[in-house]
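# take this sequence and fold it.
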Amino acid sequence: MAELAIIGSDFQEVGWPFSAAAADAADALAATSSSSTVGTRTAFFPPSHVLVPPATQVIGTALALLLLSGGAMPLWAGVLVAAASAYLMLFLERLGVRYLEILFELLIAGMRVPAAADRWL
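All right, here's what the predicted structure looks like:
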């Protein structure tokens, strides 16, 4: 129970957007629950601070792809592309950090080619 109170206070120190809500939820959960049910609840219902940032990043990426494609790529396809890229990076990290570095080197090289063509043409 003390761990949840520490987690809530950590969010307030860091200054997360929902720090007060996270601290209040952690304190309420610690006050009303025994230690055996806290793990069960958090396993099936993760706190909002765990779910909200990844969801906003995926939706933001999908919206950016929708706008960049001029509406040719639907929003649901942008969500699938964002999720697939996240899982690809997790898979490459599991293989080894070197593979993830190679992916980022290829992405950076892919950005250099149009920039060089724009400068020299």
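
# so which elements touch the strand or helix carrying residue 100?
Secondary structure from DSSP states H and E places residue 100 in helix 97-120. Helix 97-120 sits against helix 75-95, with contacts defined as 3 or more CB pairs under 8 Å, 6 or more residues apart in numbering; DSSP states H and E. Quick note: C-beta positions are derived from backbone N, CA and C, even for glycine.

# quick one: mean pLDDT for the helix it packs on?
What helix 75-95 shows for mean pLDDT is 90.

# now it: buried residues?
Within helix 75-95, the residues that count as buried by 16 or more other CB atoms under 10 Å are 78, 79, 82, 92.

# and what of stretch 59-71?
By neighbour count on 16+ other CB under 10 Å, the buried set for stretch 59-71 is 61, 62, 65, 66.

# could you dump that stretch to CSV, C-alpha only?
Provided in CSV are the C-alpha atoms of stretch 59-71 (Å, rounded to 0.1, in the frame of the first residue of the first chain):
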residue,chain,number,x,y,z
ILE,A,59,-3.8,8.7,-32.7
GLY,A,60,-1.5,11.6,-33.3
THR,A,61,0.6,9.6,-35.7
ALA,A,62,-2.6,8.4,-37.5
LEU,A,63,-3.8,12.0,-37.9
ALA,A,64,-0.4,13.1,-39.2
LEU,A,65,-0.4,10.3,-41.8
LEU,A,66,-4.0,11.3,-42.8
LEU,A,67,-3.0,14.9,-43.3
LEU,A,68,0.3,14.1,-45.0
SER,A,69,-1.4,11.8,-47.5
GLY,A,70,-4.1,14.3,-48.3
GLY,A,71,-6.8,11.9,-47.1
